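Trainee: 3D, please:
(one chain, ligands or ions: 3)
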Amino acid sequence: MPLCSLTLCCHIGFRLNRTTDKRQVNTCLIWSHMSCKHLNNLTAETLISKANYPIFRCEECTRINSRWVHLRICQTCGKMLCCDSSEHQHARRHYEETGHPIVSSAELGEQWLWCFVHQQGKDY
Ligand SMILES: [Zn+2]
Ligand SMILES: [Zn+2]
Ligand SMILES: [Zn+2]
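Mentor: Ligands and ions are numbered 1, 2, ... in the order given. Take a look at the predicted model:
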């Protein structure tokens, strides 16, 4: 199976999904072939929602008195950590240390998940 072209299509699918109509992507066969098992196991009903958090802050940045750009939520343990644009990239480091694969965006108005293992995103 030519993995590289499938990955490319998957990324196009993700971009389409974010800008246009969700149904377009859900009917794309290649997208569903590429969907990772981590993302497939998470739905809007089962994911750890940002609505559960009274305070929005990166746990690790708060400890070392640093700042962050955007916030992500680990969907395995619920830690709220900072994004790749942040100086310390705590969400990515958390994945590297624990293997917890999925983060969701904790930003207002954003409803997407990202799998670090498969480098794939999904809207919910
Ligand atoms: Zn995955
Ligand atoms: Zn941080
Ligand atoms: Zn975690």
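Trainee: do stretch 110-124 and ligand 1 meet?
Mentor: Yes. Contact of stretch 110-124 with ligand 1 (Cβ under 5 Å from the ion) involves 115, 117-118. The C-beta positions use only the backbone N, C-alpha and C, and glycine is treated the same way.
Trainee: show me the domain layout of the protein.
Mentor: Domains of the chain are assigned by automatic domain parsing as 1-34, 37-123.
Trainee: what's the closest non-adjacent residue to the one residue in the chain that gets nearest to ligand 1?
Mentor: Proximity of the chain to ligand 1 (Cβ to the ion) peaks at residue 36, 2.9 Å away. Closest residue to residue 36 apart from its sequence neighbours, by Cβ to Cβ, 6 or more residues apart in numbering: residue 118 at 3.8 Å.
Trainee: the one you found contacts residue 38, correct?
Mentor: Yes. Contact criterion Cβ atoms under 8 Å: residue 118 and residue 38 qualify, at 7.1 Å.
Trainee: now for those two: what residues contact both?
Mentor: residue 101 (Cβ atoms under 8 Å, 6 or more residues apart in numbering).
Trainee: and these two? which has more neighbours close in?
Mentor: With neighbours defined as other Cβ atoms under 10 Å, residue 118 and residue 38 compare such that residue 38 has more, 20 against 17.
Trainee: what's the helix or strand for that one?
Mentor: For residue 38, the host element (DSSP states H and E) is helix 37-40.
Trainee: mind giving me the packing neighbours of whichever helix or strand comes after that helix?
Mentor: Downstream of helix 37-40, the first helix or strand assigned by DSSP H and E is helix 59-63. If contacts are counted by 3 or more Cβ pairs under 8 Å, 6 or more residues apart in numbering; DSSP states H and E, helix 59-63 sits against strand 80-82, helix 90-98.
Trainee: now do whichever helix or strand comes after the last one: which elements does it pack against?
Mentor: Same thing as helix 90-98. Counting by DSSP H and E, the element after helix 90-98 in chain order, helix or strand, is strand 102-105. Contacts defined by 3+ Cβ pairs under 8 Å, 6+ apart place strand 102-105 against strand 71-74, strand 112-115.
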